[in-house]
Each structure stands twice: as structure tokens, then as C-alpha cells.
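>>> 3D, please:
(2 chains)
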There are 2 protein chains.
Amino acid sequence: MMKSFLARSARWAGSVLASSVLSASLLADTAPDRSFPSARDSDPRVLGWMQGQPPPPDRVIRGYDPDFFSFPKIRWSVCHMRELRPTVRVSRGLGAPSMLPRAEDPAIEALRVQPSNGGDALSWTAALDATYTDGIVILHRGEIVHERYAGCLDEGGQHAAMSMTKSLIGLLTEILVQEGVLDDTVEVAEIVPELADSAFGNATVRQVMDMTTSLDYSENYADPEASVWVYAASGNPFPRGVDDTSPDGYWAFLPTVQASGPHGRAFGYKTVNTDALAWILSRTTGQSVAELLSERLWSRMGAEQSAYFQVDARGTPFAGGGLSAGLRDMARIGLLMLQGGEIDGERLFPASVVESIRGGGNREKFQLGYSGLPGGSYRSMWWVFHNGNGAFAARGVHGQTVYVDPAADMVIARFASHPVAGNAANDPISLPAYQAVADYLTGRSEAP
Amino acid sequence: MMKSFLARSARWAGSVLASSVLSASLLADTAPDRSFPSARDSDPRVLGWMQGQPPPPDRVIRGYDPDFFSFPKIRWSVCHMRELRPTVRVSRGLGAPSMLPRAEDPAIEALRVQPSNGGDALSWTAALDATYTDGIVILHRGEIVHERYAGCLDEGGQHAAMSMTKSLIGLLTEILVQEGVLDDTVEVAEIVPELADSAFGNATVRQVMDMTTSLDYSENYADPEASVWVYAASGNPFPRGVDDTSPDGYWAFLPTVQASGPHGRAFGYKTVNTDALAWILSRTTGQSVAELLSERLWSRMGAEQSAYFQVDARGTPFAGGGLSAGLRDMARIGLLMLQGGEIDGERLFPASVVESIRGGGNREKFQLGYSGLPGGSYRSMWWVFHNGNGAFAARGVHGQTVYVDPAADMVIARFASHPVAGNAANDPISLPAYQAVADYLTGRSEAP
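Got it, this is the predicted structure:
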């Protein structure tokens, strides 16, 4: 019985992690499965998940169900992570939120989207549905010009940010670096001695920030012996079987990661880098990343809602992918990035923070380790497109993004619950959609 | 191994429930154990619970530790329930909070408190410490005249409300009754047919509201066969062993409760009444009590923080004792009660709601079932003192209270983490302290 319990337990742990931290590189070439029910047919209200007082047994979703984060349950679960597992708040503080000005532009809904992988042009609404969009907010010159919700989300709700969490951890790190609090050239072991004998020990903080570490760590979910499964089990917040020997917590797992070669040669998208970075931040500041994110950003940017992190069984926030937040608050993060660290006339961090991120990482090293974004790079856990508009983004599996386009003076924040984790499944529609809006707004800006 | 896992699992489930829903009647005559370390010596920051990046293993508190809610861990855990188990938000909405006006009166700190069980008079600060107060807010004429925090709490934090949760459920019910949405004279089976064959089936809604049901249900924690242990296991939000046959969720447990005699004869303080009431509310409105509490009160009273409920494995809020909230927001609930349903010039519910509650329940029936508050009664899950000031209160184990004194135009909201669950341990100091403040404020009001 214990064995079956453990097997079950490992499955659900794997399930959430597989989706939580799924290497986009792994799925970069995965074509979307056309057989999935549509966004409307898989709407969680249509399917009745967790509806009723109480919901019928076959409509209940539990945090320890092995498939709670699989399609179609994911379409409900992305908005309800705190109901499924322990979490820690990222406080917005007690003050009044600063409301974003609104100037809705109906022309956006009339835009057509030409998928980059061929196929017919889509209406704006069809493009949102085809990418299982739960919510989208578009800011132009700091004003909301478009905002829509669907599925499990509304303006007062919260949604899993998935790997956009990494970009917030990277941003916090870059802030400390630019402020001179943290030296990104030192080796990790100097800051976190517990990591001295791991791969991270002789990596520099910058190599961790840019994911150019070389880790003997596999996120190959098809391999039952892959290290990702042990990592997944280490983050299990629920009671363990007595013969469960996996490390107890994310930070207990990290010291077990060994190097696969010299650091600094190639980009390698591995979630554990972000957990290591969180440890570096916490050891430097004496604060958890939940406290730090609240103090530095969430309580100072006029946020409408507190956010939260999932935590492991020792209370450590899941830095690699555990944040949930309101959509307009994610748009505020984009606005901060667009405006070089200022919001509502207040400077929250030095302009050099955004300059460092916008400049991007090493593109050759990026190409060596990633096929998903040709010509792009990764810097301080932000994706840099190196396109004509100077766009950069936070990105997370299943279609999460905060897309910042300086040339168009535009921010797009989007939450989604696409059935396929890898963004290769929705990029061929999403990225042309963002560019279509940017082109329209740029033209509008240039009109008399 | 499974057996030991189950035993461990049952212990922690029991642990949280024992403290969460502990029958105050059971402990009404329990004298405080003088051997407990003082509030200052047991301060969670002094003891180092969950401090450090990461905390040392012997300073970690987990939601499934059998003793996570025992003294001294409780002094940390009361402020961190969401980090220990799944929870659902009670949203404050997205608007600006309405700040309570402030007119601190230093004279309150100079008051002396004469314990009712003998002993020397205490200074105000000593009285707060002796009752392990984590926070206290006193409103007079709607203004904050005194506010202090200690232990794990500050003005931006949240704290377990314990059985004060019941009073909020009772308040919501009374609102629906006074609005004519819910008839408190009908039998429960008419609203929740699933309860037809249980003790609740032929009880009226009013009998459930006032806890004059007669239930064959024991909250005798000393008896390992007591029904409270099955109830506790039913609320377990964590994965279950395959041979765990306890009902799956609070609402799965309720139909198993049988009657011990005719209803309506005596007060009996049993937490399951509140869970039954929550089911009645949810079936009536189609909303969970988290949604209902947000819609009716939290989003309309100028709350500074969203609150939250612990949930069971099916996502059902723990109505009997699972709320956590900010202290000033609990004070706002008291102000609403003091002002007959109005706050900030807006009426949130009919004045008859408070009239019904203030009037109290049947005092003879109360005395038959409860020795803790001589002369008092229980109405719609509020405690009514029937004293000269017309005071009434929400109360929860370990010292939680929202104390409303109409004669003194005063509200006291207090969170605490007293080592002893039953309020008999702190009432001999707390109640004289509240009366001392009321007397002072009344005198101040009557001056010139």
C-alpha cells in the first residue's frame, strides 16, 4: 500500500513539476495537437470543474491528483493554485492601488493575425481562443487600450505565472547587482557555502542569472531516471512516505546537482538555476524571495492584488515557477520594465537594471543551447528577441507572457492555459498577434 | 509503514482540529498552566521558528507536523496558516481601502487590570503579555484609540481567527434571514437533502444557527473513539492512505452525525453546526462561504487585506474555524456590528440583523449546556454577555475576540496565541481588561 501511495505521490509531484518547470527547449519543436477540444469547449465553467455545493465527485480537482495540472483540468487549476497547496503571500501592502488609466481602442479587436506557420489569418478573438488565452491586457503609453478575460480568470482573479516567476527573480537579482549589493562576478560558493561541492559552487552569479551554467541535470520527462523527478519530489509540500528518500525541499536538492562541463560556454534552460538564484538572494538579503518581491516591487508599484508563491514542505518559495498573480499587476511589471524602473513617477530601481536586461545575453551561446527563439538570447532570466522593436519578455509554459515592446511603447501581459506546455505550440499565433498590435500602435502613434 | 503514516496523519489532523475547533465548554474550567514560558520568552522571533535561509531543521514548522499548532509552535503558526495548508481567498476586491481614523489615547496604556480570579492588578502591557496577545485594536466612536502588535503579528499580517469564523458564518446567515432569502424556521433537510437522515435533517435553520441542536457527537479529545477525530480526519487536505476510510471532506462527515435527543432543548457548542450552516448558505446562494463573505462584507467594508479560509481536500472552506484575516479588518466587522450594519456611511445589511444578534439567545438553554459565561447566551453564533453595557462578541480559542460594547461605543479586536486553547485561561484577565477600557471610555465620553 505504501508503495502505491508513493507511486501516486511521485506521479502528482511529477505532474505539477512537469508543467511547472517544463523546459521550453524540450518542446520547442512540438507541434500543437489539433485534437484538443477548443478553448470554449474546454472552458472550466462549461466542464463544471469545482462547481456545485459540493461539486460532484468527478468534477473535484485536488492538488495531489496526478493529473490536476493536465488538460483540461489545468484550465481551472491555473487560477486556483493556493486552493491546491500551501502558499506564501507576496504582500501588496495596505495602501490604495494606483489604477492604470484606461483608453480602450476597439480597433485592436478588429486586427487580423497571420500565423507564422502558415494557415489562414485569424480574427483577434479567434487568435485569443486558439491560444487558450485566459486574460490579456495591452498597455500603450501606459494606458490600457485592450483588456479581455476568459476561462477561469477575471480582473480580480489570480493566475499561475509559471516560468515568468524566473524573470521576477532575475529582475530582483539584477536590481541588487546594479545597486552594488550583490557582485555578479563572484562564485556562488562564496555566498552559499552549502553549494560549494555542487555544480553551482564555482559558477558565477552571472552564469546562474543567464543560465550559462553547465549542469548534469536532465529535464527529460520521458526518462523515469531523469533528475527532474528527484527535483520534483524534493518540492513536494505534502506528507512523505517514510521510505521517500528524496531531498527535503528545493534547497536540499540543489547541493546534489553536479556539473557536466565548464560553465559559461552555452545557454542551458534549467529551472534549478532559478532556485539557486533565490537562495543567493535570500542569503544576501536575509529575506525570502516572497518578502523581497513584496518589499521591492509589489508594495511599491500600485499593485491591485497581493501575489503568492507555492512553497515546499520547508516553506521555501518555488522560485523556478511558483508565482500566481493578477494580470494587471503583471502588466505593471511590464510597465516598470518599459519605463526603465519608474512607475507613477516613482523610481523603484536604477535605469541600468533594464538596460542590462534589454541588452540581452550572448546570442551565440544561446543558439548553442536553444532552438526555440532564433536570434534571441536570455539575460537575467528575461527572453530578449533582438528584433527591430527591441522587444523582450518574461515567458512561461502554457502561454504566459509579459511582452515589452519599447519601440511601440507597448506592454502585453497574457495568461493562458494552452493544452501544450511548450510555447512552440502557441508562439506561431501569439508572436504575430503581438507584432500586429505593435505595428498598429506604432502607426497610430505616427499618425498626425 | 502505511500504518505509521496513517497514525502520524491522524495525529496531525487531530492536532490542528483539536486547536481549531476545541470546544470552549470542554475547557471552561481549565486553569491556565502557570509553567508555560512567558509571551516574551516564547516569542517566535526569540525562538527562531522559520528564521534563516533556510531555517535550521529543528526550527522548521510543517503543516503536517503533529505539533505544529501546539505551544510554542502555535505562536508562529497562527500567523502562517496559508503556508501550512491549502487555502481559498476571501477577496477584498480591487478598490482602495478606507482607512480607519486614528486618535491614539495614551491613557489606555496607563490603565490597570484587576484579574477576576484574584491576584495582583496588572499594568496594561502586563495584561496583554499575560494573555499572549499578538495584536489588539481598540475603536472608540469609530476611531482607533489604541493599537499594539507583538509575537508573529503586525498591521500588515494575518492571523487565525479560530472560532470567530463561526460568528462570520452566523452573521452571513442572519443577513440572509433578515433579507427574507432564507427562512430560519424550515428544517435543514428541505435545503440540504443530503442531511435528511442525519441529526441536522429535522433541525430548523435557527436551531443550527443558535447551536440548540442535539447531536450525538463528542468533542472529547481525551477519548480516542470520539467523533471529533473522524471529523478531523475528514478535513484532512493532504493525500490519504488507501485504507483511510474517514469521510472525504467536512460535508461528507456531516451526514453521519446522528441526533442524541430532540432539538431545541439546550445549547450545545459543537463546531459541526457551523459546517452544516455553511452548507445551508452555499446551497441557498450557490456560493462558497468564501465567495459570500467577500461579496457581502469583505469587498464592501473598506478592508485593507483579503482574508482566507483553510479548505479540505475537496476545496470546501473550513467554516467552523478556518478563517485568517488582518486585525483591523476584524475590527471593521466589530464596527459594522456596533453601527447596526453601516460603515463609512454605507449600509451593508439591515439593522435588524444586529438587533437579532444583540438580543441574544435563550439564556436558560444556554446555561444547561455551558458553564463558561454565566448569564450569557449564544445567538447566530455570537456570544452575548447580557451585561450592563450590552456587550456581545465573536470568540475563538487561544484568546481571539471581536468584542462589541455598545454602551461604551467601543470595539476591541484581539488576536492571541495563548498556550491554553480554552478561553477560561485568559478570560479572567481579558474580560476585566475590556471592561476597564469600556469604563474609561465611558467616563471620558461623559466628561464635560
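
>>> Can I get stretch A:381-389 as PDB, trimmed to CA atoms?
Extracted in PDB, the C-alpha atoms of stretch A:381-389 (Å, rounded to 0.1, in the frame of the first residue of the first chain):
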ATOM      1  CA  MET A 381      16.100  35.300 -16.800                       C
ATOM      2  CA  TRP A 382      14.300  37.500 -19.400                       C
ATOM      3  CA  TRP A 383      14.000  36.500 -23.000                       C
ATOM      4  CA  VAL A 384      15.400  39.100 -25.400                       C
ATOM      5  CA  PHE A 385      14.100  38.900 -29.000                       C
ATOM      6  CA  HIS A 386      16.700  41.200 -30.600                       C
ATOM      7  CA  ASN A 387      14.100  42.200 -33.100                       C
ATOM      8  CA  GLY A 388      13.600  45.600 -34.700                       C
ATOM      9  CA  ASN A 389      11.400  46.800 -31.900                       C
END
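
>>> mind checking the SS state of the residue of the stretch 301-448 of chain A found nearest chain B?
Checking the stretch 301-448 of chain A residue by residue against chain B with CB to the nearest CB singles out A:E304 as nearest, at 4.6 Å. In this view, the C-beta of every residue, glycine as well, is placed from N, C-alpha and C. Secondary structure, DSSP: H, G, I helix; E, B strand; the rest coil: A:E304 is coil.

>>> how near is it to A:A96?
10 Å (CB to CB, to the nearest Å).

>>> circling back: isn't the residue of the stretch 301-448 of chain A closest to chain B up against A:R92?
Yes - A:E304 lies in contact with A:R92 (CB atoms under 8 Å); the separation is 7.3 Å.

>>> Between these two, which contacts overlap?
A:D329 (CB atoms under 8 Å, 6 or more residues apart in numbering or on different chains).

>>> between those two, who's got more neighbours?
Between A:E304 and A:R92, counting by other CB atoms under 10 Å in any protein chain shown, A:R92 is the more crowded of the two (25 against 21).

>>> Name the nearest residue to the more buried one, sequence neighbours excluded.
A:A303 (4.1 Å; CB to CB, 6 or more residues apart in numbering or on different chains).

>>> Backbone torsions only: list them for the one you found.
Per-residue torsions, A:A303: phi -60, psi 140 (degrees, to the nearest 10).

>>> And the pLDDT for it?
We have a pLDDT of 98 for A:A303.

>>> now the one 5 residues further on
At A:Y308, the predicted lDDT confidence score is 98.

>>> can you tell me the helix or strand for it?
Per DSSP states H and E: A:Y308 is located in strand A:307-310.

>>> Can you name the residues that contact the residue nearest to A:R92?
By CB under 8 Å, 6+ apart, the neighbours of A:A303 are A:R92, A:P97, A:G326, A:D329, A:R332.

>>> Repeat that for A:R206.
With contact set as CB under 8 Å, 6+ apart, A:R206 has these partners: A:D184, A:T185.

>>> And what about whichever residue of the stretch 201-350 of chain A sits closest to chain B, helix, strand or coil?
Nearest to chain B, among the residues of the stretch 201-350 of chain A, is A:S282, at 3.8 Å (CB to the nearest CB). Assigned by three-state DSSP, the conformation of A:S282 is helix.

>>> Verify the stated contact: it with B:P55.
No - A:S282 lies out of contact with B:P55 (CB under 8 Å); the separation is 11.1 Å.

>>> quick one: which of these two has more around it?
A:S282 (23 against 16).

>>> which one is the more buried one nearest to, not counting chain neighbours?
Distances taken as CB to CB, 6+ apart put B:Q53 closest to A:S282, at 3.8 Å, once the chain neighbours are dropped.

>>> what's the spacing between that neighbour and B:R45?
B:Q53 is 15 Å from B:R45, by CB to CB.

>>> Check A:D329 too.
The gap separating A:D329 from B:R45 is 30 Å, by CB to CB.

>>> quick one: which of the two has more around it?
Counting neighbours by other CB under 10 Å for A:D329 and for B:R45 shows that A:D329 has the greater number, 24 against 13.

>>> what helix or strand is that one on?
Here A:D329 is assigned to helix A:327-338, by DSSP H and E.

>>> Which strands and helices lie in contact with that helix?
Packing contacts for helix A:327-338, counted by 3 or more CB pairs under 8 Å, 6 or more residues apart in numbering or on different chains; DSSP states H and E, involve strand A:133-140, strand A:143-149, helix A:164-178, strand A:342-343, strand A:392-396, strand A:400-405, strand A:410-416.

>>> Can you add mean pLDDT, mean neighbour count and distance to chain B and give those back as TSV?
Shown next, in TSV, are these (pLDDT from 0 to 100; neighbours: other CB atoms under 10 Å in any protein chain shown; distance: least, CB to the nearest CB, whole Å):
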stretch	mean pLDDT	mean neighbour count	distance to chain B
strand A:133-140	98	26	13
strand A:143-149	98	18	13
helix A:164-178	98	25	14
strand A:342-343	98	18	17
strand A:392-396	98	26	21
strand A:400-405	98	28	19
strand A:410-416	98	28	16
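
>>> got the ones you listed as TSV, with distance to A:T204 columns?
Shown next, in TSV, are those (distance: least, CB to CB, whole Å):
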stretch	distance to A:T204
strand A:133-140	35
strand A:143-149	40
helix A:164-178	11
strand A:342-343	30
strand A:392-396	22
strand A:400-405	26
strand A:410-416	31
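
>>> What residues of the strand or helix carrying A:A127 count as buried?
Following DSSP H and E, one finds A:A127 within helix A:124-130. Buried residues in helix A:124-130, defined by neighbour count with 16 or more other CB atoms under 10 Å in any protein chain shown: A:W124, A:A127, A:L128, A:D129, A:A130.

>>> Let's test this: mean pLDDT of it, rounded?
The model assigns helix A:124-130 a mean pLDDT of 97.

>>> Go ahead and measure how far that helix is from the middle of the chain.
Here helix A:124-130 is found 22 Å from its chain centre; the criterion is CA atoms, centre = their mean, to the nearest Å.

>>> Over to stretch A:57-68?
That offset, for stretch A:57-68, works out to 23 Å (CA atoms, centre = their mean).

>>> how long is it end to end?
Stretch A:57-68 has its terminal residues 14 Å apart, counting by CA to CA, to the nearest Å.

>>> that older thread, identify all contacting residues around the helix holding A:A127.
Outside helix A:124-130, the residues that touch it by CB under 8 Å, 6+ apart are A:38-40, A:108-113, A:122, A:136, A:148, A:150, A:426, A:429-430, A:433.

>>> Can you tell me which of the residues you listed are buried?
Buried among those (16+ other CB under 10 Å): A:A39, A:I108, A:L111, A:V113, A:L122, A:I136, A:R148, A:A150, A:N426, A:I429, A:S430, A:A433.

>>> Spatially nearest residue to A:V188 (excluding sequence neighbours)?
Going by CB to CB, 6+ apart, A:V188 has A:F200 as its nearest residue, at 4.5 Å.

>>> quick one: the residue lying closest to A:A110 once chain neighbours are set aside from chain B, how far?
Spatial nearest neighbour of A:A110, excluding adjacent residues (CB to CB, 6+ apart): A:W124 at 6.9 Å. A:W124 is 26 Å from chain B, where distance means CB to the nearest CB, to the nearest Å.

>>> Quick check: of the buried residues of helix A:124-130, which lies closest to chain B?
Using CB to the nearest CB, A:L128 is the member of those that lies nearest chain B, at 22.6 Å.

>>> Any figure for the gap between A:T87 and B:M81?
To B:M81, A:T87 is 11 Å away according to CB to CB.

>>> overlap in contacts of those two?
What both A:T87 and B:M81 touch, as defined by CB under 8 Å, 6+ apart, is the set B:T87.

>>> quick one: low-confidence ranges for the stretch 1-150 of chain A?
Residue ranges of the stretch 1-150 of chain A with pLDDT under 70: A:1-34.

>>> okay, A:T245: pLDDT?
pLDDT for A:T245: 88.

>>> Before I go, just wanted to say thanks for your time.
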